[in-house]
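Peer 1: Dropping the sequence and predicted coords here.
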Amino acid sequence: MGKTLFEKLWASHIVVEKQDAPSLIYVDRHLVHEVTSPQAFDGLRINNRKVRRPDLTIATMDHNVPTNDRSLPILDQTSAIQIQTLEKNCKDFGIKLFDINSPNQGIVHVIGPQLGITLPGSTIVCGDSHTSTHGAFGALAFGIGTSDVEHVLASQTLWLEKPKSFEIRVEGKRKNPHAVTAKDIVLSIIKNIGTGGGTGTVIEYCGEGITDLSMEQRMTICNMSIEAGARAGLVAPDEKTFDYLRGREYTPKNYESLVDSWRDELKTDGDAKFEKQFILHIDDIVPQVSWGTNPGMTCDVTELVPSPDEFSKGDLNQKKGAQKALDYMDLKPGTPIVDIQIDRVFIGSCTNARLEDLIEASKVIRGQKVSSTVKAMVVPGSQMVKKQAEDIGLDKIFIDANFEWREAGCSMCLGMNPDILSPGERCASTSNRNFEGRQGTGGRTHLVSPVMAAAAAIKGHFVDVREWDLN
Amino acid sequence: MESFKTVKSIITPLDEVNVDTDQIVPKQFLKLVQKSGFGKFLFFNWRFDEKENPKSDFVLNDSKYDGSNILVTGDNFGCGSSREHAVWALQDYGFAVIIAPSFADIFFSNCFKNGILPISLDQKIVENLQQTTDAIEVNLETQTIKTSSDEIHFEIDSHMKKILLEGLDDISQTLQFEDKITDFEKRSKIPSVL
């Protein structure tokens, strides 16, 4: 019987395999950031260990960096210490660091692909759950905890139970691909399979609805695999993948010969069997808006906020969760989504802060102004995205519309830096999690695509962006 | 890591599904560069109001659960962020066992690195355990939970069981395979970054 892409990636990275026990898996790329690494480096020091492969390890600071003027000192002392700690650790252990002043600084999952560090057929880990993003290139990429960060630093390997393989087939064509985006596809998937629907699996996204997407759109999909509970998400590499990585700063010298081998190997065989399957038809899907406190609590922009009964379909625990979510979000069942007024707009994060996201959002706001009741910001995913956007004048479009135009970082996706919501504020956000307090204690997050966020910024409430001319 | 001993304690019922690691430890406490002392931040936004006074309706603030080492909770516990700080906080607070119908993958794996035993059981059994007010005994060696009226068997991967029982240092175990790692590196086709 044939093998799935995941099974091939797994098999090609086994260092030690034992009966009825986890396998020791080799890690080709280890991405490190300031928040989940200090305790790992401390562990190395205590045990007098070194980093086994500094040449496979890359670091940047993204989670807690301020996004305002980079020439100013960092006022939050604990953030400053964490950043200095990463600098010292990278220096002591010989790791390449893209520091806060580097033109390559940015969210770790944005810079990996942009620099050609992410490669098809590789294994990639990072102490961050959104490492699944890199799966868009046909890499087996997943988030790990700090103990595993230390383990990879010391040994370049991890003990892992083999996950199951899960096929998510996306069939059909979107009628309005500017208004109905990759974000809407992935939110629809999570809405259907639930936030635990992918637990214990690696998802392979396939079908016309996926192959049609650009690389940046595929990254948006794979990024949110973890929101369905999956270990990782994958898309089989194709010519779009190979073109995207060609000629980047860290693309390997023997890239073309690697591409030749990947072209043959990195796909699921026709007779391979997945252990789980889900099919989404996207011909008729519409823009999505989350209404609750996990990404599965999402509905169409054309719908009304559901009641706990409607949402839970008889499951008492889900019903209770939905009621708690509605209370937290201060929403009443039956309210049209388009009637929900917002206070803030955040266009950013490893999900939706790449150049294409900013281009699409700029089409919505060109020549318009942010509603007087809304404060809106754009935080490019990396300094390189920021520069590319500025080179084509996007910064002017956003600034003219009264958006703030910031420096790169994770920013308000998780609010570890000064960019946070105040208690009770409601935000249309292009990020990945609408958990309670995620963007600031007491803050209320609605997950949407960049074009939906931009349209909400202009109108002051959600709107169906399909009604706008985005061509 | 210390070896896992049999735990006998009353349970703390946290009757919530999809508890994410942002709730277990909110982001404002992730800036610390050490592993210790996270217990005081556990469920911070659920435990304390804006003035940092304890909220009386949250289970951890109910004195009858003081000293409990066993958390019994809902489906998909520990979803979201990979932050191991969540496990450090649960452990520092005093929890050694977490029982739920299911766990998120990264959280589940992080538990074993820190000597916490996560146990998955059927929803019905978990719901019954949440009602238990007497102490229960969790024995990893025999894979049983003894309540005042019942004995419940639980499954655990034999490798993970060994790690907890022996308190093994993962990395020193792995480095015994250094020759195999080196062999793998010799045949790997993926070039270095730099």
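Peer 2: Cool, got the structure. Residues are numbered from 1 along each chain as shown, chains lettered A, B, ... in the order given.

Peer 1: what is the nearest residue to B:Gly80 once chain neighbours are set aside paired to in the beta sheet?
Peer 2: Spatial nearest neighbour of B:Gly80, chain neighbours left out: B:Asp20 (3.6 Å); criterion: Cβ to Cβ, 6 or more residues apart in numbering or on different chains. The way it works is simple: take the backbone N, C-alpha and C, and place the C-beta from them, glycine included. Listed beta-bridge partners, B:Asp20: B:Cys79 (assigned using DSSP bridges).

Peer 1: was I right about B:Asp20 contacting A:Pro295?
Peer 2: No: judged on Cβ atoms under 8 Å, B:Asp20 makes no contact with A:Pro295 at a distance of 10.2 Å.

Peer 1: Between these two, tell me which one has more neighbours.
Peer 2: A:Pro295 (28 against 22; other Cβ atoms under 10 Å in any protein chain shown).

Peer 1: In terms of pLDDT, where does the residue nearest to B:Gly80 sit?
Peer 2: Note for B:Asp20: predicted pLDDT of 98.

Peer 1: Contacts only, for residue 104.
Peer 2: In the absence of a named chain, chain A is used. Neighbouring residues of A:Asn104 by Cβ atoms under 8 Å, 6 or more residues apart in numbering or on different chains: A:Thr60, A:Phe98, A:Ile111, A:Leu115, A:Glu249, A:Ser382, A:Gln383, A:Met384.

Peer 1: The chain in question should be chain B.
Peer 2: Taking Cβ under 8 Å, 6+ apart, one finds A:Gly196, A:Thr199, A:Gly229, B:Asn76, B:Phe77, B:Gly78, B:Cys79, B:Gly80 in contact with B:Ala104.

Peer 1: Please check these and keep the buried ones.
Peer 2: For these, a burial check counting by 16 or more other Cβ atoms under 10 Å in any protein chain shown picks out A:Gly196, A:Thr199, A:Gly229, B:Asn76, B:Phe77, B:Gly78, B:Cys79, B:Gly80.

Peer 1: Same list, these, but as a markdown table with distance to A:Val345 and pLDDT please.
Peer 2: Supplementary listing: the buried ones among the contacts of B:Ala104 in a markdown table, determined by distance: Cβ to Cβ, whole Å; pLDDT from 0 to 100:
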| residue | distance to A:Val345 | pLDDT |
| --- | --- | --- |
| A:Gly196 | 30 | 96 |
| A:Thr199 | 32 | 98 |
| A:Gly229 | 28 | 98 |
| B:Asn76 | 29 | 97 |
| B:Phe77 | 32 | 98 |
| B:Gly78 | 30 | 98 |
| B:Cys79 | 26 | 98 |
| B:Gly80 | 23 | 97 |
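
Peer 1: before we move on, back to that, which of the contacts of A:Asn104 count as buried?
Peer 2: Members of those classed as buried by 16+ other Cβ under 10 Å are A:Thr60, A:Phe98, A:Ile111, A:Leu115, A:Ser382, A:Gln383, A:Met384.

Peer 1: Show me the beta-bridge partners of the nearest residue to the third one once chain neighbours are set aside.
Peer 2: Residue nearest to A:Ile111 in three dimensions, not counting chain neighbours: A:Ser382, with 5.0 Å by Cβ to Cβ, 6+ apart. Beta-bridge partners of A:Ser382, counted by DSSP bridges, are A:Gly106.

Peer 1: By proximity to chain B, which residue of the stretch 351-471 of chain A wins?
Peer 2: A:Phe435 (4.4 Å; Cβ to the nearest Cβ).

Peer 1: Going by distance to B:Gly39, which of the contacts of B:Ala104 wins?
Peer 2: Checking these against B:Gly39 with Cβ to Cβ, the nearest one is B:Gly78 at 16.5 Å.

Peer 1: And the longest helix anywhere in chain A, what does it pack against?
Peer 2: For chain A, the helix with the greatest residue count under DSSP state H is helix A:77-93. If you count contacts as 3 or more Cβ pairs under 8 Å, 6 or more residues apart in numbering or on different chains; DSSP states H and E, helix A:77-93 packs onto helix A:38-46, strand A:96-98.

Peer 1: check contacts around B:Gln130.
Peer 2: B:Ile11, B:Pro13, B:Asp15, B:Val72.

Peer 1: Kindly report the same for B:Ser109.
Peer 2: A:Ile144, A:Gly145, A:Asp148.

Peer 1: And the first one, how far from chain B?
Peer 2: Going from A:Ile144 to chain B by Cβ to the nearest Cβ, to the nearest Å gives 6 Å.

Peer 1: coming back round to it: right, and the helices and strands packed on helix A:77-93 - which one's nearest chain B?
Peer 2: Per Cβ to the nearest Cβ, nearest to chain B of the helices and strands packed on helix A:77-93: helix A:38-46, 3.8 Å.
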